[in-house]
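S.K.: Following is a predicted model, sequence given first.
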Amino acid sequence: MMINYVLAKDTWEQEEFDAIMRVIESNRFTMGPEVESFEKEFAEYFGSKHAIMVNSGSSANLIAIASLILSDKYNLNPGDEVIVPAVSWATTYSVLYQHGIKLKFVDIDLDTFNLDLNEVEKAITENTRAIFAVNLLGNPNNFDKLLDICENNDLILIEDNCESMGAKFKGKYTGTFGILGTFSTFYSHHMATMEGGMVLTDDDELNDIMKSIRSHGWTRNLSKNSKFISEKDEFYNLFNFIFPGYNVRPIEMEAAIGREQLKKLDKFLENRKDNGEYFTNLFSQLDNVKIQKNQDDSSYFGFPLIFESKSKREEVIKLFEKENIECRPIVAGNFTRNKVIDYFDYEICGILKNSDILHNQGLFIGNHHIDSKNDIKKIFEILNNI
């Protein structure tokens, strides 16, 4: 009998559908009180001062980078260099291109799959202004060393935490170490709101900038005490535009669902971590299969596997297809091998040896918010037999 192990499972129950009905009955669908409440609750959960909800994790990255450029305080400008790992999702990189930033790709560590911090130090030049660190697949970076590098070189730290909601490093949530941390609430992630994203920050100015550029660049959604509101005429400030903005607003349904999902997040994370620890204990026994090493307190987005050769991976993919086990590349592999980077201003620092190994020999299977140990054991037995 086939396993039928999928990449992602539905996390919604009756509470989420009731939340949708609550919005329908309110007859308010565009961004409003549900979004405001969800932002407050999300910020409180993760211990941040501000949360800004948008329509996707990709848009969260977009407004995060834009806010640093628009802020005089952080001095990030078009033409500056930002260090990025060679393994991540497309919108870690495209938002930098879209703002005229030069990308500096560095290799990953083949144990954690996060930035190789030794390579990061080698890549820093006088033009480097920031590190855009990605907590890959639930696994936190080594923030002790990463923050030291930033402090010693006067660099901005930004976190793409879209795959790592609920992960911690030394008891502190990832997504709260940098000036800004971004999150995704897309279907396959730790909590799901249809589409959706969030940015966390403790910086009042960046919060105001992001709330403005989320909605066209106007002042309407800013507090009356914001330094960006110079006109005291409330009528005028309904249509007072101060920044080149976007329209990346979320809708009320997404926020209402998110409020219900947030109540369940502790349990989701508990099950993911139980599955993750069980997976690690089992799969570490396999010869010639490499798994991701937990840096500290992973939230286990999923389970990457690296085989001893590309041909062995192809053999496993065919076997998984036969057994109805869904798998995919690890994030986007070595992203520099995608044709889209022909559009970027970029530099590859050093040799992306580990990123290529992950690209050529790796695959990824999902983790779920429910107890999945029986299926994980079956997958282990299938691999152990070959």
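M.R.: Happy to help now that I have it. Note that the coordinates shown come from a computational prediction; the quantities given were computed from them, not determined experimentally. Numbering: from 1, shown residues only.

S.K.: Distance across stretch 100-112, terminal residue to terminal residue?
M.R.: As for stretch 100-112, its first-to-last residue distance stands at 30 Å under the measure Cα to Cα, to the nearest Å.

S.K.: now it, how far from the chain's geometric center?
M.R.: Taking Cα atoms, centre = their mean, to the nearest Å, one finds stretch 100-112 lying 15 Å from the centre of the chain it belongs to.

S.K.: tell me which residues of it are tucked away?
M.R.: By neighbour count, and taking 16 or more other Cβ atoms under 10 Å as the criterion, the buried residues in stretch 100-112 are 101-110, 112. (Each C-beta comes from the backbone N, C-alpha and C, glycine too.)

S.K.: swap in stretch 49-61?
M.R.: For stretch 49-61, the buried set under the neighbour-count rule, 16+ other Cβ under 10 Å, comprises 50-61.

S.K.: do the same with stretch 163-174
M.R.: Neighbour counts over stretch 163-174 (16+ other Cβ under 10 Å) mark 163-169, 172-174 as buried.

S.K.: Let me know the closest of the residues you listed to residue 30.
M.R.: Here the nearest of these to residue 30, counting by Cβ to Cβ, is residue 165; it sits at 25.3 Å.

S.K.: Do me a favour and get the end-to-end distance for stretch 24-34?
M.R.: Stretch 24-34: ends 12 Å apart by Cα to Cα.

S.K.: for stretch 119-134, that is, sorry about that
M.R.: Across its full length, stretch 119-134 reaches 15 Å between end residues, using Cα to Cα.

S.K.: Also stretch 42-57?
M.R.: 15 Å.

S.K.: How about stretch 105-121?
M.R.: For stretch 105-121, the separation between the terminal residues is 12 Å (Cα to Cα).

S.K.: what's the answer for stretch 208-227, then?
M.R.: The first residue of stretch 208-227 is 9 Å away from its last residue (Cα to Cα).

S.K.: downstream neighbour of the worst-scoring helix or strand of the chain on mean pLDDT in the secondary structure list?
M.R.: Between all helices and strands in the chain, the lowest mean by mean pLDDT, DSSP states H and E belongs to helix 234-237, at a mean of 80. Beyond helix 234-237 in the direction of the C-terminus, DSSP states H and E gives the next helix or strand as helix 252-283.

S.K.: helix or strand right after that next one?
M.R.: Sequence-wise, the next helix or strand downstream of helix 252-283 (DSSP H and E) is strand 289-291.

S.K.: Could you check how far that next one is from the centre of its chain?
M.R.: 23 Å.

S.K.: So which elements touch it?
M.R.: Based on contacts counted as 3 or more Cβ pairs under 8 Å, 6 or more residues apart in numbering; DSSP states H and E, the elements that strand 289-291 packs against are helix 252-283, strand 302-307.

S.K.: what does it contact?
M.R.: With Cβ atoms under 8 Å, 6 or more residues apart in numbering as the test, strand 289-291 has contacts from 110, 279-280, 283-284, 303-308, 383.

S.K.: quick one: the strands in this structure?
M.R.: Along the chain, the segments classed as strands by DSSP state E run 50-54, 81-85, 102-106, 128-134, 156-160, 168-169, 172-173, 180-184, 197-201, 289-291, 302-307, 346-348, 362-366.

S.K.: so of the ones you listed, which one's packed in deepest?
M.R.: Of all these, strand 180-184 has the most neighbours on average by mean count of other Cβ atoms under 10 Å, namely a mean of 30.

S.K.: could you give the mean pLDDT of that one?
M.R.: Per-residue confidence for strand 180-184 averages out to 98 on the pLDDT scale.

S.K.: next one: stretch 345-355
M.R.: Per-residue scores along stretch 345-355 average to 98.

S.K.: Start and end of that stretch, how far apart?
M.R.: When the end residues of stretch 345-355 are compared by Cα to Cα, they are separated by 20 Å.

S.K.: that older thread, output the strands of the chain as CSV; include the columns distance to residue 95.
M.R.: Formatted as CSV, the entries for the strands of the chain read as follows, by distance: least, Cβ to Cβ, whole Å:
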stretch, distance to residue 95
strand 50-54, 12
strand 81-85, 10
strand 102-106, 10
strand 128-134, 9
strand 156-160, 10
strand 168-169, 24
strand 172-173, 22
strand 180-184, 10
strand 197-201, 12
strand 289-291, 30
strand 302-307, 23
strand 346-348, 14
strand 362-366, 23
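
S.K.: got the phi/psi numbers for the closest residue to residue 165 other than its chain neighbours?
M.R.: In space, and not counting its chain neighbours, residue 165 is closest to residue 190: 4.1 Å by Cβ to Cβ, 6 or more residues apart in numbering. For residue 190, the backbone dihedrals are phi -60, psi -30 (criterion: degrees, to the nearest 10).

S.K.: show me what contacts residue 279?
M.R.: Counting by Cβ under 8 Å, 6+ apart, residue 279 makes contact with 291, 300, 303, 367, 376.

S.K.: Residue 242: which of those is nearest?
M.R.: For the contacts of residue 279, the residue nearest residue 242 by Cβ to Cβ is residue 300; the value is 41.7 Å.

S.K.: Can you report how many residues lie near that closest one?
M.R.: Residue 300 is surrounded by 27 other residues when neighbours are defined as other Cβ atoms under 10 Å.
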